[in-house]
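Novice: Provided below for reference: sequence and predicted model.
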Amino acid sequence: MSFKDYQALLDEDGICEELCEILDMDKDELLAAWEGFPKENRQMYGGHHEIVARDNFVDSLMKAKGAVDLLSVTRVYQKLARIEKALRVPTS
């Protein structure tokens, strides 16, 4: 699922309301959760896109439900991983 697909999913009122209720999150929190999802770069029509696999999507939402702190830590970890990859800094 791409970010565009994720946004479209959350724009569906019934689906968004159900996710918000199940996960005890609001729409803004669900949108922000995207940053913490493990992504893969894939070549698709129109170029490279970051996508989230279905299993990773479900697992990440369930983890985000657990605690906002976990979501925050995951976001920071993902950003650091992208920075390290861009700088090609070896990790220990």
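Specialist: Yes, it's here.
Novice: Tell me the secondary structure of Ala64, please.
Specialist: helix (DSSP: H, G, I helix; E, B strand; the rest coil).
Novice: looking at it, it is touching Leu23, isn't it?
Specialist: Yes. Contact between Ala64 and Leu23 holds when scored by CB atoms under 8 Å: they sit 6.8 Å apart. For every residue, glycine as well, the C-beta is placed using N, CA and C.
Novice: which intervals of the protein have sub-threshold pLDDT?
Specialist: Along the chain, the parts satisfying pLDDT under 70 run over 44, 65-77, 79-80, 83-84, 86-92.
Novice: and Leu23, how many neighbours?
Specialist: 16 (other CB atoms under 10 Å).
Novice: Likewise for Ala33?
Specialist: 23.
Novice: What residues does it make contact with?
Specialist: By CB atoms under 8 Å, 6 or more residues apart in numbering, the contact list for Ala33 reads 25, 60-61, 64, 71.
Novice: same question, Trp34
Specialist: Contacts of Trp34 (CB under 8 Å, 6+ apart): 3, 6, 52.
Novice: wait, isn't Lys39 in contact with Val52?
Specialist: Yes. Between Lys39 and Val52 there is a contact at 5.6 Å, judged by CB under 8 Å.
Novice: residues contacting Lys4?
Specialist: Contacts of Lys4 by CB under 8 Å, 6+ apart: none found.
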